[in-house]
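*Asks:* pasted the sequence and its predicted model underneath.
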Amino acid sequence: MKPTSFVPTVDEISPDRAGEIPGLEALISYWTEGSCSAEDWFRALNACWGTAGFVLRRGEDALGFVVYGPREYLPHAGAHPCGPLDDDAVLLAHVVGESRRRLVVRMLRDLRHRRVGKVEAIASDRETDHYPSTSFLLESGWRPVRRGWHGGSPYTLARIDLGSTVEVGQLARGLVGKVKLPGLKSPSPAPGTFSRAC
């Protein structure tokens with residue numbers, strides 16, 4: 001039996017494994033208004049646009065994911081009064097689970113490498129299912145553009161500009177600085193000391 005790595009890894013979401021990620025099928029169904037499965041959606045995006053999401057895994061366990069793409073592939077975005085979305089922007093559909101900032105940093109690096117200039121998100125002010133959190137995005141360097149109500153809940157259209165590699169690098173360093181590593185239960189040994197195994 002292969003041991004599980006303690007350190008989580010970030011991998012591209014592949015169409016063949018999309019159905020294995022908890023919550024992903026429901027998210028894709030919501031944003032596509034039930035028009036396709038997660039597997040079909042990722043297969044279509046990979047063929048005509050490129051990477052559309054990453055998953056954070058520890059061994060085989062999915063700890064979180066980020067999903068993004070052109071707005072025409074996420075038609076539910078048109079139902080929100082906080083739009084319209086920018087024609088040139090990529091839409092962040094959702095980011096959930098552990099290490100959301102790490103997933104957002106990975107997404108931004110991917111999009112900057114692909115020369116995307118800006119990313120937008122319809123964020124939930126009340127942390128509604130299927131939407132990124134407004135407070136999380138604003139704390140992570142996104143700026144509010146417009147606000148509106150949908151289905152009795154407030155939403156914010158948030159945007160981040162990927163003007164240059166330097167700016168993205170600075171943003172990534174700022175976000176990574178906010179990522180907290182899990183604490184170890186035993187105290188660290190004093191410098192220059194070590195413990196012997198019994």
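*Replies:* Everything's here; your move. Residues are numbered from 1 along each chain as shown.
*Asks:* I'd guess residue 158 is in a strand, am I close?
*Replies:* Yes. Inclusion of residue 158 in a strand is indicated when DSSP: H, G, I helix; E, B strand; the rest coil is applied.
*Asks:* and the closest residue in space to it that isn't next to it in sequence, how far from residue 159?
*Replies:* Once flanking residues are discounted, residue 158 sits nearest to residue 142: 4.2 Å by CB to CB, 6 or more residues apart in numbering. Quick note: C-beta positions are derived from backbone N, CA and C, even for glycine. Going from residue 142 to residue 159 by CB to CB, to the nearest Å gives 6 Å.
*Asks:* next, the closest residue to residue 22 other than its chain neighbours: secondary structure please.
*Replies:* Leaving aside its sequence neighbours, residue 22 sits nearest to residue 62 (CB to CB, 6+ apart; 6.2 Å). Classification of residue 62 using three-state DSSP returns strand.
*Asks:* quick check: beta-bridge partners of residue 62?
*Replies:* residue 57 (DSSP bridges).
*Asks:* wait, isn't it in contact with residue 54?
*Replies:* No. Residue 62 sits out of contact with residue 54 when judged by CB atoms under 8 Å, with a separation of 10.8 Å.
*Asks:* mind listing what the residue nearest to the spatial centre of the chain touches?
*Replies:* Nearest to the geometric centre of the chain sits residue 66, at 2.8 Å (CA atoms, centre = their mean). Neighbouring residues of residue 66 by CB atoms under 8 Å, 6 or more residues apart in numbering: 53-54, 92, 94-95, 100, 103-104, 106-107.
*Asks:* now with 6 Å?
*Replies:* The contact partners of residue 66, by CB atoms under 6 Å, 6 or more residues apart in numbering, come to 53-54, 95, 103, 107.
*Asks:* what's the helix or strand for residue 67?
*Replies:* In this assignment (DSSP states H and E), residue 67 forms part of strand 61-70.
*Asks:* hmm, back to that, the residue nearest to residue 22 - how many residues pack around it?
*Replies:* Residue 62 is flanked by 21 other residues according to other CB atoms under 10 Å.
*Asks:* for residue 84, grab phi and psi.
*Replies:* Torsion angles at residue 84 (phi, psi; degrees, to the nearest 10) stand at phi -80, psi 160.
*Asks:* and the pLDDT at it?
*Replies:* For residue 84, the pLDDT comes out at 76.
*Asks:* same deal with residue 191?
*Replies:* Residue 191 is given a pLDDT of 40.
*Asks:* the contacts of residue 66 in strands, which ones?
*Replies:* Residues of the contacts of residue 66 located in strands (DSSP state E): 53-54, 95.
*Asks:* most neighbours out of these, which is it?
*Replies:* residue 53 leads the ones in strands among the contacts of residue 66 on contacts (other CB under 10 Å) with 30 neighbours.
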